[in-house]
Every structure is written in structure tokens, then in C-alpha cells.
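In: I need the structure of the sequence given here:
(4 chains)
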There are 4 protein chains.
Amino acid sequence: MGNIRVGIVGLGRLGRIHAENIANHVPGSVLQASCSINPEDLAFAKESFNVSETYRTFEEMIESPNLDAVCIVSPSDFHPEHIRQAMDKGLHVFCEKPIGLDVADIKQTIDVIKAHPSQIFQLGFMRRYDESYQYAKKMVDEGQLGELTVIRCYGIDPSSGLEQFVKFAGASKSGGLFADMSIHDIDLVRWFTKKEVSRVWAMGKNAAYPALDQVNELETGAAMMQLTDQTMAILVAGRNAIHGYHVETELIGTKGMLRVAAQPEKNLVTVFDEHGAVRPMSEHFSERFKEAFINEMKEFIACIKECRQPEVSAFDGLQSTRVAIACQKSVETSQIIDVQYELHHS
Amino acid sequence: MGNIRVGIVGLGRLGRIHAENIANHVPGSVLQASCSINPEDLAFAKESFNVSETYRTFEEMIESPNLDAVCIVSPSDFHPEHIRQAMDKGLHVFCEKPIGLDVADIKQTIDVIKAHPSQIFQLGFMRRYDESYQYAKKMVDEGQLGELTVIRCYGIDPSSGLEQFVKFAGASKSGGLFADMSIHDIDLVRWFTKKEVSRVWAMGKNAAYPALDQVNELETGAAMMQLTDQTMAILVAGRNAIHGYHVETELIGTKGMLRVAAQPEKNLVTVFDEHGAVRPMSEHFSERFKEAFINEMKEFIACIKECRQPEVSAFDGLQSTRVAIACQKSVETSQIIDVQYELHHS
Amino acid sequence: MGNIRVGIVGLGRLGRIHAENIANHVPGSVLQASCSINPEDLAFAKESFNVSETYRTFEEMIESPNLDAVCIVSPSDFHPEHIRQAMDKGLHVFCEKPIGLDVADIKQTIDVIKAHPSQIFQLGFMRRYDESYQYAKKMVDEGQLGELTVIRCYGIDPSSGLEQFVKFAGASKSGGLFADMSIHDIDLVRWFTKKEVSRVWAMGKNAAYPALDQVNELETGAAMMQLTDQTMAILVAGRNAIHGYHVETELIGTKGMLRVAAQPEKNLVTVFDEHGAVRPMSEHFSERFKEAFINEMKEFIACIKECRQPEVSAFDGLQSTRVAIACQKSVETSQIIDVQYELHHS
Amino acid sequence: MGNIRVGIVGLGRLGRIHAENIANHVPGSVLQASCSINPEDLAFAKESFNVSETYRTFEEMIESPNLDAVCIVSPSDFHPEHIRQAMDKGLHVFCEKPIGLDVADIKQTIDVIKAHPSQIFQLGFMRRYDESYQYAKKMVDEGQLGELTVIRCYGIDPSSGLEQFVKFAGASKSGGLFADMSIHDIDLVRWFTKKEVSRVWAMGKNAAYPALDQVNELETGAAMMQLTDQTMAILVAGRNAIHGYHVETELIGTKGMLRVAAQPEKNLVTVFDEHGAVRPMSEHFSERFKEAFINEMKEFIACIKECRQPEVSAFDGLQSTRVAIACQKSVETSQIIDVQYELHHS
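Out: All right, here's what the predicted structure looks like:
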């Protein structure tokens, strides 16, 4: 099989990371086409990644006879429709998280994906492809931590972006702090424990920017969850980590504990200065998960070539969104929310 | 003023720590008397600490004309009565946590304490006297972390004691995991934030010893709390830390984060061996808080000599117990519990 | 300019790393040819990296009209001759360290390199391309550490390879512990300080395998060096790190200290188990410097495309070898050795 | 036996630490007398420690009939004479390091000590009584690190004191950087390895204060040492640690490595702020070794009560001084110095 020809939709911050990885860091893939409503983005893609075809709409791009796959990095609420369109065109699909913001919409999308079993679908839960998380997962699966009792997940964005967020808060629909920030953490909870979330209680506090109260957004939030087997999950989400990009995960088991990125170290340097012994921190998700983004795309291409589905499924996307929605509802009602599942889900 | 003569009741593990500190490590104090129903304890006190007077009952001990103060380390449910008796005899009182297990009982005790304003009363929240916690508290009070939004407290006992606990679980009344283990953490939440807890949701899981379910005890539990100003508190309590005695506290503020004992290091040694780079851990509360126990007793003696009340009051004890009771009720009902306060509390 | 077509000589452990990087991880390069006396290596290269041309001798390979550059990973004593041959054929050259083992031989090679100024020459001091070292270098160059007074470099191989080393010690000429292990550290000393080494005292001890004394090899050694401006350098080299691959560098300056890989952490995981708080360690140079090997090859290809010489020159190779030879002489004579430089070196 | 009555000579910074420990932190000891040429010191001792007797000269103090022991914290060159005088008066002696600056003088003192075998003599190598060092020592003695091959010792004073040092440098005789700063490290080398130092090479560099060159003092120095069994020792001494008081010791053995205070952490706090993850550092020897100073004095008092000699002997003092003198001579001659030992030393 020759190189897999990929068309990308969305060339924002994250889209450009995927574009560069497909173009330069994933052997066996070619960035064939790009699509954006922004002409500057298309010019950038042409110049930087030597993209052959550029399009203003997703519908046009997927008409190209030169594509094997698409990488969807459009705004979240377009994801389900874009997935369905690409699937119907016979294309393999890599889609950024979340798979969607509405449960019915996602379920309809899953039906379409199921109707094309020979096409690959992968969701962008890239943390599963980070080597530290994989090291942790292996330990858990081998039973080295015993049975898990508590999982704690922090996902706190650097404060460098907070002012900008505050400025535009309310203008666009983020789905709330938990849908926006914790969706990766919710996936980790499910991935590590292999259980579903039953009940959640979530809350938040706006201290640096109390004005966020008025647009129904949160600066910092916390959620506690009970899983189907009584395992406890604790999530903290935020937008105001002064020290950088604080994504940390802790697993407490009957035989040991484990932390991934207890301190999200930027590199192997320790500086001793007037402040003390200082470990510089990861500043941004693109720095922290640089390799994971490459690894997940390598996996996507490998799945296409080897005709196998990746570990991260559309169903994982559905379940994570359900829990994020429950968190948001809990914030709004100040009550414990039972996560809604239909009977007989697969 | 001469040496402060102290009588101690209770010579169990913690009682002996206090006895030794009073006898040997607190200048200006003398361990004058000890009281225990166990003759061996009294013999031990005589031999080890050169105690002049020994008693079988607390009532007898406080009749001694040679005492200035008592140190109460009796079982928790005796605390209120012992405090009241000692106060009525004109003695200064140091009492181990918790101040009591029943709100009405504690309130009655507080009334007695208030009726003797010239006598010192101090509660054994020794963490406030640990130098790492004091360093953190100073940073918070100076505003170096900005406004607090989240406080996370872990209190997990070493698993070395778990089998013993399981054996006797159900025989004695511990008040439940949160009353037994988290009372110090609840005090830290109040101390750092200067706010009260409004609502709690608590839960637990017995994985290593599922039999604990039947005696209504928990191996590991978690609680989330909302404070009066929306600050969030997260507590994990447990009895099964394989690596040692894991008491950790985290403060997240708008200007920075801080962790006390993110790794509860035993000392300054790092070992590089086949496991990796290993920091040995504190094994026990008596090791971790050795200096804090001495410091709190020094403060008690200093307060007596300087005729001033210590920072830790009986009211702090009342409030902590209220929250612990709410946690236990939440575990039992699986619901969010509003912490009960009377109007106009002082 | 099209893809740079590279021929590689040497397909041992390190050769295969370079081969894979050229073939898969460096955009703009193609692994065109490979050369080895071992047919299995050639078959491996064909299968794994889709190499078009394979050769039994270096002389044959460089006759190929399809090459732009060579990557030399042959045994160290072949390096000078291979460099000269490739240069004379008009090829760009990337050569693994050391540039050679004999000063006169290296100087003759440098003359040849100088005679082909439009061809790129790069030496494989990959640590300079590691992101942690680059972070440190930037701090030093910006003066954040003030003036350097001490630099300490540890290069200790994992003990997993020691038994094998002992078995074959004496059979091949390693040049001794310092030439074999410390050459990277010597380069770091020069790179960070921008000074040359004046005098060295070196020694060693064979404790786990005293039999190494008889073949004039060392298990563990130490060297102290004085630089031309009185800066002090301390090197520890060894083959017996139980915990993994311990390459650590420390810089002490008048305004601060800095350590690169004080603990050579494998990833971001901390495990809390019966040993304490454990950070797993890097196990091997291929793990620790995975990205650095890719980065240096990217730089080589970029230099070719942009017609500029890389930072690491043949002269750097000469100077490092001089110091390594002085260390070895010091071990043999038990005396301080003045490093020999000619007048007017460039 | 009643309380041990101690007289102290020298009430400078370190003298006051010992005075307070004897007075307040060592059960079974009493600070009976103090001696200083400075009336303010004597007034301070009276007020702070309730000292009964004060003297202007050591000779007068040791005439007091109320003393059992002396604690000598006078300037280093007085140590031998003060030890001899106290021994001759039948007093037990605790003496701060170094035991003296001149080998002949020390040997004469050792003869006097030997002539009074029932009197306790202890030298102030307090690090041996630090719990982290004791933990390390136990591991070494139990063979957990295998056979030692390298020991590395850093002793770097905080830069906060450097300007003051520069001001007075040359005025008093410090004996040089290694005698002044490394004497504890030399003792650690001997204590951990149980071997003597054979040869040393030492050097230094004055970068922040080049004027120190003219008064023959060093800001930062390094020494490499070969021990009688080929074990290697590396020492760095300095006066300019920006981050605090950096005393670190590393032991490399055939079965593992170990570091004491790889980062000399002040407490258990980690701060996450704009600098990264920051561990505050110990600022001063009095902070770092607070407990060790108490522990060594407790041991001294216990030795008196139990009629046994402590582990740290006068001979340890002699040997450390010999090595420090060799380091200084090496700095002055730029040569390797063989440490001078007589035949048949005990």
C-alpha cells in the first residue's frame, strides 16, 4: 500500500499540529489537502506543508478523488456531521475530541460509523498515546497497583491564556469547563478503570475573574464521581495554572499509588537559584503532548494500513461526552447527577 | 513562674509521645502525674519519665494539689467529660483531637471552657505546629497564592496497620473513616481558608478488605466539600498506603499552587537502585509529626506562662467534628449533606 | 533541492538508530545505501528501511552516483580514513564520535575537510541537540548562571552491559574508559565553558570486577581538570549504574547552579510503593537521547540544504580526543598531565 | 547520676547554638557556666539561658568546682590548648571542629586525651548525628550499596555571607577554603569508607570576587582524592551558593548509588509558581543541622553518664586536619600532594 493521503479540516492551533505531523512526522502519510474558511490558513498550509489541494468547504474537499482519509479539527459542533459525510464518502476518519456535544447527534454518528466497518475511525484522545500514560496503563493492567480505589485527574490550562478566554467567554459555546477541559480526564478515568461513571457532583469558583459568573463559565472547577464498582474519581479542571500546563493523573490502588506528571516537568533541567531548586514546567499542551500527537497519528495510519480499528472508539467519545454533560448539569443544579445511559449499550 | 506540672491521662501510643515530650523535650514543663487503667502503663511512666504520682482514674489525678495542667489522651468519647472536670478543678487543659464525637456534648464543654477564661485550653491539632504547614500558612496569609479556590487533603495511614484494624473493626466505635482520619484535614481546610464548610458528599470503597462493608467501616474514602465562599475542598482518607504515612495538602490559588508533602519524604536521602531514584517515605505519624507534637506542647506551656490563649480553640474542635459527622452521614445516605450550624455561632 | 540521499556505513546498535532516523524521522532525507561486512545487517536494512543499494565495502558505496552524503558509524579507528575518502568523493559527511583515536590522523583529516569547504561535515556530539542541554546552554549563554566556576559531568553506563564488557575487555581496543565513555562529557565541558582543558588528573577503581585491572580497563573512573581560565571540571565515568543510564551534567556559576538530568528520569511517572516514591530511570542511551539523535540528523540535512556548516566541527573532535588521551595517560602514570596543544591552533 | 554541669567557652553564632541546646534541648544537662571575652555575650547567656557563672577567661572557668564538662567553641587555634587544660582539670570535653590547625599541636593534645581515658572527649562532627547521614551510613555498613568506588561531597555556604567574608578575608587566618569548609566532608569520606586519604589534588577559582586571589583565599574550590584502596573522593567547597546552604554527599557503590541532600530541601513544601515547581532550600547550617547539633550533644551527655567514649575521636580530628592541610598545599603548589602519615599511627 502506498502513502495514505490525508485531507485536514481546520487549521487553527491544534489543526496545524496535526497538519505538521501528517506532513513531516508520520512515515507513510501525505498531507494531500487542507480545508479552511480562512484563506490565510490555506496559504500557510501550502507554503509550510506543500499541500497540493486546498478547499474552502469540507464538502468540496471530500469530493477530491485523491484522498484516503480525513483529519477533522473543525469546531466541536461540526464533528458529527463531518464524520458522517466522510464516512459516507468511503474515507477513513480521524476526529479530534470531543466526538460531539449532543448525545443524540453522537449516537446517530456512531450508527454511520458502524455501517462502514472497513473504514477506520479514531478519536483524538492522544493522552492514551503518551509514553508516560502508557507506562502507567501497563502497570495497572499488570495488576501492579492492585485494584484501583481512587483516580484523581487534574487538567489545568496555563493562566497565560486566561485573559483571552475571559474576553471571549460567552461569545462561543464551549460546553462549559468540564466539556471543554475534562473530556480527556473523563476518558482516562474510563480507560484506566474499565468502568463507567454512575454519579457526579461538580462545582466551581471564579476568583480571579468573578465576571465569569455572569457568562456561566468557570475559571476553576472540581468534580467527584462514583463509578459503577464504587471506585472514586476526582477531577479538577481550570484555566489558571500560573506555573504552566498542569495535567496530572493519580491512581490509588490496593497495592500502590502512581502519579503521571505529579510535576509536569518541561525537561530534565533543575535550576538552583534564589528561589530554591526549580524544575521548569511544561508550558502548553502542544509541548507536553508533542510526541503523543505524533504517536496517535502514527497509530491511525498504521490502522489503515493494517486494516484494524484503533483502541479509541466512537463509543469512548459518546461516554465521555455523557459524563461531561452530567458535570455541567451538576454545576447548574448544585445536585448530584446520575449519568444517563440507555439499557443495552454496546 | 516555675515549671508547669502536668498530669497526663492515657498512655497509649500517642499518650506516650506526649508524655515523653512533656518530660524531656519541653523546657519549663514537668510530667508530674500519669493516669491509666493499665498498671503496666503506669509502671512504664514511672520508669521512663520519672513520674512522681500515678493514678487509676482521672478523677483521682485531678485531686492532686501538685498539678497545674492536664494532658488528655483518653479515648475520644471521654474527652468532653475530662475537659469539664479539669476545668472545674482550675487546671489548664491540653486535649487530643477530636474534642468529642457528639455536637451537644461538645457545646456543653465549650460553655464550661468559656466559664474559665483565665485557664488555657488547647486542642491537639498538631499539624498547625509543623514547620512545613507553618511555611505554607505564612505564604497563604501573605497572599502569595492569591485567593484560594481548591484545597486538597490526603490522610492515608500506612497499610502496615490495616490488618490489625480489620481485625478489630466493629468492636470499637471509630466514628467512621472521616471522623477518625480526616479530622485533621478538616481543621486544615478551615485554618487555611478561614471559611466554614457548607456542603459535603462523601463515599468509600473497600477493595482490599471487602468484609469491612459489613461493619460499616471504610478502607478508602473521598469527600468533596463546598465552602461558604464557593471554595472547593477535596479529601481522601484511607488506611492502606503501601509506601508509608501519606499526609499531603495542596492549596490552589489564583496566583500559585503549593503542596505540603507531595511526597512525604522520610529524610533527605535519595537511593538509586534497580527500582530507579527512590525517596524513602515517612512511615508513621509519630515520625512525620515528631517535631510538631513537641512544638504544640511548647506552645501550650508558653500560653500558660504568658497568660494567653493558643490559636487552636475548642470552637475549632466543634466545627471539625460537625463536618466529620456530615461526611459520615453522606456515606450512609449517598447524598449531599448540608453541614448543620446554629445561627449566631461565635 | 530534492531529498538528500544518504549512505550509511555500520549497522550495529548505533548505526541502526541513525539508519532509522534517516529513513523515517528526518523529513527531506532518504536512506539510499547501506554498507556492512555483515550480510545480515544489509538484509535488515533492505527490509526495514527499504534501502535501494547495499555494499560490502565503504569504497564501493561511495562510488555510487546516487549519494549526496554519508553517515559514518564504522569502528572508531576507521573514522579518519572514511571521512577523507568521502570528502574526496565530494560527499557531505556525518561522522559518529570520536573523530579518531590518534591526534596526527585527526589533524590530517581536518586538513582534508578544510580543503572541501563547500561540503558539510558534522560530528556526532548529539547531546548538544538534546532539548534539556539546549535549555541549559541558553541559560549559560544568556549569563543566567553568571561566570562558570565548576562543571561536573557523569557518564555511567547501565550495569546491564557490564558483564558483556568484562567478557570481551582486552579483545578490542576501546581507548580506555575516558576515550570510550567521557568523550561526550569532554565536549560538553568545552561547549558550555568555551575554554580548553589545560591539565587533568584521572584515576579509577575496579571493585565489582577486579580482573579488569589485568586488561587495563576501568569499571569506574574519575578525572579532575583545570581549564585555561581556572574553571574546574569534574568527570565521573563508569560502566556500572544499577539504576540505568546515568548521564548528568552540573554547572556551577557565580549566579546559580543547574543540573541536567540530576535524576535521569525515564518519563513523568512516580510510583509510590513499598520502596518509597520511585522515579523510573532511563535505561539506555538510545532511550535517553532518542530525540537528540533525530535532531542532530535533522540539523545535518538542514545544513546541507542551507549550505552552512553545523556548530559541531572536526576541531571539536580533535580537542576532545586530546583530552581523553591525556586522561588515559594520567591513569597510566598516576600523574597530572598537561594537555598537549600546538601553538597557533585555529 | 545527676545533671551534667557544662561550661561553655565561645558564644558566637555556633557557641550560642550549643549553649541553647545544653540549656534547653538536652535532658540531663545544665548550662552551668559560660566564658567569653565579650561582656555582651556573657550578659546574653545569663539572660537567655540562666547561666549561674560567667567568666572572662577559660582558665578561670575551669577552676569552678561546679563543672563536670566543657564545651569548647573558641577560635580554632585555641582548641588544642583548651582541650589540654580541661583534660588536666578532670573535665569531660566536647570540642568544636577542627581539633586544631597544626599537626604537632594536635598530636600533643591526643597524648593528653589518652592520658585521661576515663574522661569523655568528643569532637563536633555533627553530621554523623544527622538522621539522613545515619540512614545512609546504615545502608553502607549493611552492604546495600556494595563496595564504594566514588564519594562526592559538596560543602557550599550561602552567598548571603560572601560579601562579609570578602571584607574580612586576609584579616584572620581561616586556614584556607578546605580547612575552613571541607573538614566535615573529609570526615565524611573517612567515616563512610573507613579508609584514609592517600593523595590529593586541589584547585580553586575566584570569579565573583577576583580580589580574593590577592589574600590567598578561594570563593570556590575542588579537590580530587585517592584513598588507600583506590576509592575516589571528589570535594567541592565554596562560599557562593545562591540558593542556600548546599551540603550534599554522594556515595557510588557497586550495587547502587545514594545521595544525601541532592537538593537540600528546607521543608516538605513545593511551590508551583511562575518559576516552575520550586522546592525551597535550607538557608544556613544552623537550619540544616539543627537536630544534628542537638543529637551530638545528647550523645556527649549520654557518653558521660554511661562511661563510654563516643564514635568521633580526637584521632578523627587529626586525620581530617592532615587532609585539609594537604589540600591547601596542593592549591598553593598546583601539584598532587601525598598526605603525610607517620608509620604506626594508632
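In: quick one, what contacts the residue of chain A positioned farthest from its centre?
Out: Distance from the C-alpha centroid of chain A peaks at residue A:274, with 37.9 Å (Cα atoms, centre = their mean). By Cβ atoms under 8 Å, 6 or more residues apart in numbering or on different chains, residue A:274 lies in contact with C:256, D:242-243. (C-beta placed from N, C-alpha, C; glycine too.)
In: filter these by proximity to chain A?
Out: Contacts with chain A within the contacts of residue A:274, counted by Cβ under 8 Å from any Cβ of the partner chain: C:256, D:242-243.
In: What lies in contact with the helix or strand bottoming out on mean pLDDT in chain A?
Out: Using mean pLDDT, DSSP states H and E, helix A:162-168 stands out as the lowest-scoring helix or strand of chain A, at a mean of 85. Identification of contacts with helix A:162-168 by Cβ under 8 Å, 6+ apart yields A:208-209, A:211-212, A:217, A:219, A:239-240.
In: That one: what's the following helix or strand?
Out: helix A:177-181 (DSSP states H and E).
In: Give me the next element, helix or strand, following that next one.
Out: Downstream of helix A:177-181, the first helix or strand assigned by DSSP H and E is helix A:183-193.
In: CA-only coordinates of that following helix in CSV, if you can.
Out: Output of helix A:183-193 as CSV, limited to C-alpha atoms (Å, rounded to 0.1, in the frame of the first residue of the first chain):
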residue,chain,number,x,y,z
ILE,A,183,-13.1,15.4,28.5
HIS,A,184,-9.6,13.9,28.3
ASP,A,185,-9.7,13.2,32.0
ILE,A,186,-13.0,11.5,31.8
ASP,A,187,-11.6,9.3,29.1
LEU,A,188,-8.6,8.5,31.3
VAL,A,189,-10.9,7.5,34.2
ARG,A,190,-12.7,5.1,31.9
TRP,A,191,-9.5,3.8,30.2
PHE,A,192,-7.7,3.1,33.5
THR,A,193,-10.6,1.7,35.4
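In: That one: which residues count as buried?
Out: By neighbour count on 16 or more other Cβ atoms under 10 Å in any protein chain shown, the buried set for helix A:183-193 is A:183-193.
In: ditto for stretch A:40-52
Out: In stretch A:40-52, counting by 16+ other Cβ under 10 Å, buried: A:41-42, A:44-45, A:49, A:51.
In: Same check on stretch A:87-105?
Out: Neighbour-count burial for stretch A:87-105 [16+ other Cβ under 10 Å]: A:87, A:89, A:91-101, A:105.
In: Against residue A:191, how distant is residue A:157?
Out: With distances taken as Cβ to Cβ, to the nearest Å, residue A:157 is found 21 Å from residue A:191.
In: do residue A:4 as well
Out: For residue A:4 relative to residue A:191 (Cβ to Cβ), the value is 26 Å.
In: Also residue A:16?
Out: 27 Å.
In: try residue A:114
Out: 21 Å.
In: number of nearby residues for residue A:338?
Out: Residue A:338: 12 surrounding residues under other Cβ atoms under 10 Å in any protein chain shown.
In: Spatially, what comes nearest to it if we skip its sequence neighbours?
Out: residue A:199 (5.4 Å; Cβ to Cβ, 6 or more residues apart in numbering or on different chains).
In: what is that neighbour paired to in the beta sheet?
Out: residue A:226, residue A:338 (DSSP bridges).
In: was I right about it contacting residue A:340?
Out: No - look at residue A:199 against residue A:340 with Cβ atoms under 8 Å: they stay out of range, at 11.1 Å.
In: if you count what's nearby, which of the two comes out ahead?
Out: residue A:199 (18 against 10).
In: Per-residue pLDDT of that one, please?
Out: Residue A:199 is assigned 98 on the pLDDT scale.
In: dump the residue contacts of it.
Out: A:225-226, A:336-339.
In: do that again at 6 Å, thanks
Out: By Cβ atoms under 6 Å, 6 or more residues apart in numbering or on different chains, the contact list for residue A:199 reads A:226, A:336, A:338.
In: how close does the second one sit to residue B:236?
Out: By that I understand residue A:336. From residue A:336 to residue B:236 the distance is 19 Å (Cβ to Cβ).
In: With neighbour numbers in mind, choose between these two.
Out: Just comparing residue A:336 and residue B:236: by other Cβ under 10 Å the higher neighbour count belongs to residue B:236, 25 against 18.
In: Mind pulling the model confidence for the more buried one?
Out: So, for residue B:236, pLDDT stands at 98.
In: Residues in a beta bridge with it, which ones?
Out: Beta bridges link residue B:236 to residue B:154, residue B:222 when assigned by DSSP bridges.
In: In contact with it: list those residues for me.
Out: Counting by Cβ under 6 Å, 6+ apart, residue B:236 has contacts A:150, B:154, B:222.
In: What is the nearest of those to chain D?
Out: residue B:154 (13.0 Å; Cβ to the nearest Cβ).
In: All set, thanks.
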